[in-house]
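> Sequence and predicted structure below; questions after.
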Amino acid sequence: MAKCKKCMRILTHDEIALYKRMVNRGASEFLCLTCFSEYFGASEKVLKEKIEMFKEAGCSLF
């Protein structure tokens, strides 16, 4: 089970996929949606919309 490298919360598949898609496909450490939104300076709502956009586009990471 992967955990957020900042707050240690257990991550969802979508959180891991978003991190890989937007930061580094080869990453082995990840951020949860809350910590990722702080890191990127974007709201969690915007990141959730990105997740849905990538899913609809057929991104294989999701």
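Thanks, I have it. Residues are numbered from 1 along each chain as shown.
> my read is residue 42 is in a strand, agree?
No. Using DSSP: H, G, I helix; E, B strand; the rest coil, the secondary structure at residue 42 is coil, not a strand.
> I'd like the numbering to begin with 391 instead of 1 from here.
Renumbered: residue one is now 391, and that last one reads residue 432.
> burial of it, as a residue count?
Counted with other CB atoms under 10 Å, residues neighbouring residue 432 total 14. Yep, even glycine has a C-beta here, placed from its N, CA and C like the rest.
> Quick check: it vs residue 408, distance?
Separation of residue 432 from residue 408 (CB to CB, to the nearest Å) stands at 11 Å.
> can you check residue 450 too?
Counting by CB to CB - residue 450 and residue 408 are separated by 13 Å.
> just residue 452 next, same as before
Distance of residue 452 to residue 408, given as CB to CB: 8 Å.
> Tell me if I'm right that residue 437 and residue 424 touch.
No. The pair residue 437 / residue 424 is not scored as a contact, 9.5 Å apart, by CB atoms under 8 Å.
> Alright, that wraps it up for me.
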